[in-house]
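J.: pasting a predicted model and its sequence here:
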Number of protein chains: 2
Amino acid sequence: MVRASGHASDQQRRYPQWELSNKELQRLLRDGVGGVILLGGTSTELAHRCQTLRHWAKAPILLCADVEEGVGQRFEGSTWLVPPIALGRLYQQDQNRALSLAERYGRCTGYQAHRCGLNWVLGPVCDVNNNPANPVINVRAWGEDAETVSSLACAFQRGLAKEGVLGCAKHFPGHGNTGVDSHLQLPVLEHNLHQLEELELVPFQAAIKTGIDSVMTAHLLMRNLDASRPATLSRTVLQNLLRNQLKFEGLIVTDALVMQAITQTYGAGEAAVMAFDAGADLLLMPEDADRAIEALCEALQSGQIPMQRLEASRERRLKALRKVDDCNAEFLLNSSKSNNNPLERDEDLALAKELVSASLETLYPGPILATDSGINLLRVDGVLPCSMLTATAPALVLPSEAGFQSVIYHNLGISPWRDDPEEPLALQLLGSGPILLQLFLRGNPFRGDQDRHEPWAAAIKQLQRQKRLAALVVYGSPYLWDELTQILDIGIPAVYSPGQMAEAQSQALACILQPAKLPSNAQPALIQEFTD
Amino acid sequence: MVRASGHASDQQRRYPQWELSNKELQRLLRDGVGGVILLGGTSTELAHRCQTLRHWAKAPILLCADVEEGVGQRFEGSTWLVPPIALGRLYQQDQNRALSLAERYGRCTGYQAHRCGLNWVLGPVCDVNNNPANPVINVRAWGEDAETVSSLACAFQRGLAKEGVLGCAKHFPGHGNTGVDSHLQLPVLEHNLHQLEELELVPFQAAIKTGIDSVMTAHLLMRNLDASRPATLSRTVLQNLLRNQLKFEGLIVTDALVMQAITQTYGAGEAAVMAFDAGADLLLMPEDADRAIEALCEALQSGQIPMQRLEASRERRLKALRKVDDCNAEFLLNSSKSNNNPLERDEDLALAKELVSASLETLYPGPILATDSGINLLRVDGVLPCSMLTATAPALVLPSEAGFQSVIYHNLGISPWRDDPEEPLALQLLGSGPILLQLFLRGNPFRGDQDRHEPWAAAIKQLQRQKRLAALVVYGSPYLWDELTQILDIGIPAVYSPGQMAEAQSQALACILQPAKLPSNAQPALIQEFTD
């Protein structure tokens, strides 16, 4: 499985070091590479792209994407849903509603994936996020205990299956209790098999029972199962545990082999052979596809890996492909001649709204007073591009209408912090007036601990002492929200949404801002494009 | 002419207050609205969109966009070229090369527009930018004198015509000498006719002689021609000057009627009737399409405007439509089954590169030393989204490889300025070490004077006094570059590119940074997306 951008042209690739060129893709698909993982581009572009890749491959191929939060998480023009952890929290109060929403979540994702030409969704995450400091799973998990994750992940999978796309339980044998980002280094876990059986394996067993099509391996070292090899490369974990003990007969796919947890120790060919030999059927994003193929061919020719292993993997792949329609994207591509919203149906939009409202949490809600000199301080955990913060994003426009001037702080911006643990915010940099604090922080991978270690609790205390905290909104991490609400003064309006999208912004801000009406011909506060 | 986003779905609209919903578009096109101006979306989406709009209209329609700098300026996936002012500067040294490049510029733009389904490019700008403080024309002009603008604008127009799309000379009778942004208020000019004939009208006359298909009016008050009405609404300017005196027989289109220069004084219906009565054939982006249509119908039925005027405009529109192929986007849409780069040909990429290299200017070029503690300070004039500054943009990655840590400053970020005219930069906010200063400032409309009034000259003096200026790069405004090079210390490497795109960043930084080679498995400095 190689990686391609969802865009048509090589020039549009955002990560050319990982996204193969069209020439390379054409060659590898022609030669029989079994599938492509896609990232980047709009839904319309993706539909085209899938058609092109299918055309190049001649035979059926697997086309997948990491659309754990709906296709709109990765491909603009589709629906982006609140992260799974939202339903995990809801499940504690209302199991039936959470289960029903999780299945609709799966249907929405499956429907749109299928319409865009994908046949394989790399979800549900089956990790139990029982470590709030987990830098890589976090809000992507369906919950913090085995039962919640099992129930919701299976409901999501049922939704996917009804739409005719494959699902993937990940990251085996469980990535929820790691404090290290495997994109950056190899996490080591001290669990023994008994502990795993009590917790981490439970959702995978449930997913297998529900008929999950594939399982993705984790790059982590379970020292008590295999002292030397990470799960992805371990026969003990893949063959003995997953195939023999859990009786999984579907596709085993590695997590991306290009991740540093693997590449910092194993060469491209070596990792491919080890993973395949350990029991993987599909190798995702090998560091070098040609070297991986060569090394595999040598291992097969020399008898190091028996040919039957290859045949068994091929058969599992063909069986998976036979399960899905030959879902090409004709529907979407032809829709330009017919309907309005080719991809997002009314029911998808309704689901997105309902998920936001069902997962919104408030403390002391109620309107803060309009002002003409407030500061709307936004902390965003991505700005290049910051997809949820367009020029007309509610998080900017609504506070602006209420008199709060926006100041955006991001990892590459000038820092508002100073070296004083009691008064960590350099308030003179922000201007005077009440501060509406909006934190878009969800613990994304790849950031190291940069975001997490910012002293927001101390900053909130500082603002409260100075009577300058107008309101707090947290978009993303439930752990940050739980931490900050502990220290909030009584009466300070505060809202939490697990989602960061425009709908989450609108609903969250509706809880704390007076609805304002602009004069009919007024311009919104932030204008960047117009006709010239 | 109404405005639509280039995206398929209503949810993707960035400016829903201006971009009609699909339902409104369907109704208005079915009822005979004559065309659409498009903004936003990728090239693939645009191709779909044009097909959809044509389908809704039943009869041929005009489909246009403000793609003055190539289709890639507005629609990702096509080629974005350096702004026209680059060729204006080159023309002073090498007329033939500049003319040849301008014609290729027109061909590239016309070819790609046509392939995306557009049949009308809203260019060339025929304004003579003889006021460096012009907030709305600036780098969009082909030059600063009438002869340069005439020659290059006509070369561009010849290129367009060869590709079978319509062009548009704008903004009549000349918007180059205004110090006010007509998006925000109505500029007033004291020119008399004689002065206009000597300068502003020259490029329009040349364009008319070259067979330009349409002319766009300017929202500015030429007090000596018409004391009360802006050019867009003035019969003296449109009928007497453009039609009678300059003998223009093509389409007259207003600039966007939704601009505040018009709306702050005239109602939606009133402005439409006045513009049409003054001589316009097409009304671009009326503040309210339904009210504009109603008011026009009333004026025609009451005899206020004779029916022959309507017939003449309809005839001119049909004549223009007959000139262009019925260029639907089939080519691009079908290309998913064939080639690699459906839109950008090798010659387009080569042109984009050549335009960057032909317009690069340097002062004391030569590599600055690598450091492990430098600051890469970037000033960008847009960040939501900041299309030229993706996570893997050369302006971020190349300095990072040379040891310069990026700090991005934008209009909504924490300001690096302090209230000290001699030492305006608050250097303690940026950290220590040498500073590589990259200014992405081109004088975009809609910003008011915010960007322009920043004391970059004083900041550079401050950095030089403290021996902390490693190098300067200006992307965009030639006026800023000319100002800053005056005060640059001897030996400080400095580069200017009129363009801001990745290619401009690569070429500019190649003049001042040592080429660095990353270890083979190292990550680039800024990673935001990956497989999960």
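T.: Perfect, thanks for sending it. Numbering: from 1, shown residues only, chains lettered A, B, ... in the order given.

J.: what does the stretch 151-300 of chain A put close to chain B?
T.: Taking CB under 8 Å from any CB of the partner chain as the criterion, the stretch 151-300 of chain A approaches chain B at residues A:183, A:255-256, A:259-260, A:263-264, A:284-285, A:287. Quick note: C-beta positions are derived from backbone N, CA and C, even for glycine.

J.: out of those residues, which are buried?
T.: A:183, A:255-256, A:259-260, A:263, A:284-285, A:287 (16 or more other CB atoms under 10 Å in any protein chain shown).

J.: from these, which two are the most distant?
T.: For these, the maximum inter-member distance is 14.8 Å, found between A:Gln260 and A:Leu284 (CB to CB).

J.: for the record, mean pLDDT for the helix or strand hosting A:Glu197?
T.: Element membership for A:Glu197 (DSSP states H and E) is helix A:193-198. Across helix A:193-198, the average pLDDT comes to 94.

J.: name the residues of it that come out as buried.
T.: A:195-197.

J.: likewise for stretch A:152-170?
T.: Going by 16+ other CB under 10 Å, stretch A:152-170 has these buried residues: A:152-161, A:163, A:165-170.

J.: inside helices: which ones of the buried ones among the residues of the stretch 151-300 of chain A next to chain B?
T.: Members of these lying in helices (criterion: DSSP state H): A:260, A:263.

J.: which of the buried ones among the residues of the stretch 151-300 of chain A next to chain B sits closest to A:Gly174?
T.: A:Asp255 (12.8 Å).

J.: show the pLDDT at that closest one.
T.: On the pLDDT scale, A:Asp255 gets 95.

J.: show me what contacts it?
T.: Each residue near A:Asp255 by CB atoms under 8 Å, 6 or more residues apart in numbering or on different chains is listed here: A:170-171, A:182, A:216-219, A:232, A:284, B:531.

J.: next, it: phi, psi?
T.: phi -70, psi 170 (degrees, to the nearest 10).

J.: find the centremost residue of chain A, please.
T.: A:Glu68 (5.2 Å; CA atoms, centre = their mean).

J.: can you pull the phi/psi pair for that residue?
T.: phi -60, psi -30.

J.: and the closest residue to it other than its chain neighbours, how many neighbours?
T.: In this structure, A:Glu68 finds its nearest non-sequential neighbour in A:Gly123, 4.3 Å apart by CB to CB, 6 or more residues apart in numbering or on different chains. Residues lying near A:Gly123 (other CB atoms under 10 Å in any protein chain shown) number 31.

J.: report the separation between A:Gly123 and A:Arg74.
T.: To A:Arg74, A:Gly123 is 11 Å away according to CB to CB, to the nearest Å.

J.: now do the shared contacts for these two.
T.: Contacts common to A:Gly123 and A:Arg74, judged by CB under 8 Å, 6+ apart, are A:66-67.

J.: how about low-confidence regions in chain A?
T.: For chain A, applying pLDDT under 70 flags the ranges A:325-342, A:370, A:382-385, A:444-452, A:515-532.

J.: sorry, back to before: list the contacts for the residue nearest to the centre of chain A?
T.: A:Glu68 sits next to A:83-84, A:122-125, A:140, B:532 when contact means CB under 8 Å, 6+ apart.

J.: can you pick out the most distant pair from those?
T.: Greatest spacing in the contacts of A:Glu68, by CB to CB: A:Pro83 and A:Leu122 (14.8 Å).

J.: which of those two has more residues huddled nearby?
T.: More neighbours surround A:Pro83 than the other of A:Pro83 and A:Leu122, with 27 against 24 (other CB under 10 Å).

J.: thought that one was touching A:Val139?
T.: Yes: under the criterion of CB atoms under 8 Å, A:Pro83 makes contact with A:Val139 at 4.0 Å.

J.: spit out the residues that contact those two alike.
T.: Jointly contacting A:Pro83 and A:Val139 under the rule CB under 8 Å, 6+ apart are A:442, A:476, A:498.

J.: correct me, but the first one touches A:Arg379?
T.: Right, A:Arg442. No: the pair A:Arg442 and A:Arg379 fails to qualify as a contact (CB under 8 Å) at a distance of 11.4 Å.

J.: so where do the helices sit in the stretch 351-500 of chain A?
T.: For the stretch 351-500 of chain A, the helices defined by DSSP state H, counting those that start in this stretch occupy A:394-401, A:456-465, A:478-486.

J.: dump the ones you listed to TSV, plus distance to A:Ala113 and mean neighbour count.
T.: Converted to TSV, the helices of the stretch 351-500 of chain A look like this (distance: least, CB to CB, whole Å; neighbours: other CB atoms under 10 Å in any protein chain shown):
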stretch	distance to A:Ala113	mean neighbour count
helix A:394-401	27	23
helix A:456-465	36	18
helix A:478-486	27	18
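
J.: which one of these lies closest to B:Thr236?
T.: Closest to B:Thr236 of the helices of the stretch 351-500 of chain A, according to CB to CB: helix A:394-401, at 40.4 Å.

J.: for the closest one, name the packing helices and strands.
T.: strand A:374-380, strand A:404-409, strand A:435-441, helix A:502-510 (3 or more CB pairs under 8 Å, 6 or more residues apart in numbering or on different chains; DSSP states H and E).

J.: tell me the angle of that helix relative to strand A:435-441?
T.: Per axes from the mean of the first three to the mean of the last three CA atoms, to 10 degrees, the angle that helix A:394-401 makes with strand A:435-441 is 180 degrees.

J.: just name the closest of the contacts of A:Asp255 to A:Pro60, please.
T.: Looking across the contacts of A:Asp255 and measuring by CB to CB, the closest to A:Pro60 is A:Leu284, at 18.1 Å.

J.: now the closest one. Nearest residue, chain neighbours left out?
T.: Nearest residue to A:Leu284, sequence neighbours excluded (CB to CB, 6+ apart): A:Met1, at 4.6 Å.

J.: around the one you found, how many other residues sit close by?
T.: Neighbour count of A:Met1, defined by other CB under 10 Å: 23.

J.: in the stretch 101-250 of chain A, which residue sits nearest chain B?
T.: Of all residues in the stretch 101-250 of chain A, the one sitting closest to chain B is A:His183 (6.0 Å; CB to the nearest CB).

J.: for A:Pro135, see how far away that residue is.
T.: Counting by CB to CB, the gap from A:His183 to A:Pro135 is 9 Å.

J.: how far does stretch A:42-56 sit from the chain's center?
T.: Counting by CA atoms, centre = their mean, to the nearest Å, stretch A:42-56 is centred 21 Å from the centre of its parent chain.

J.: nope, stretch A:369-380 is what I was after
T.: Computed by CA atoms, centre = their mean, the chain-centroid distance of stretch A:369-380 equals 29 Å.
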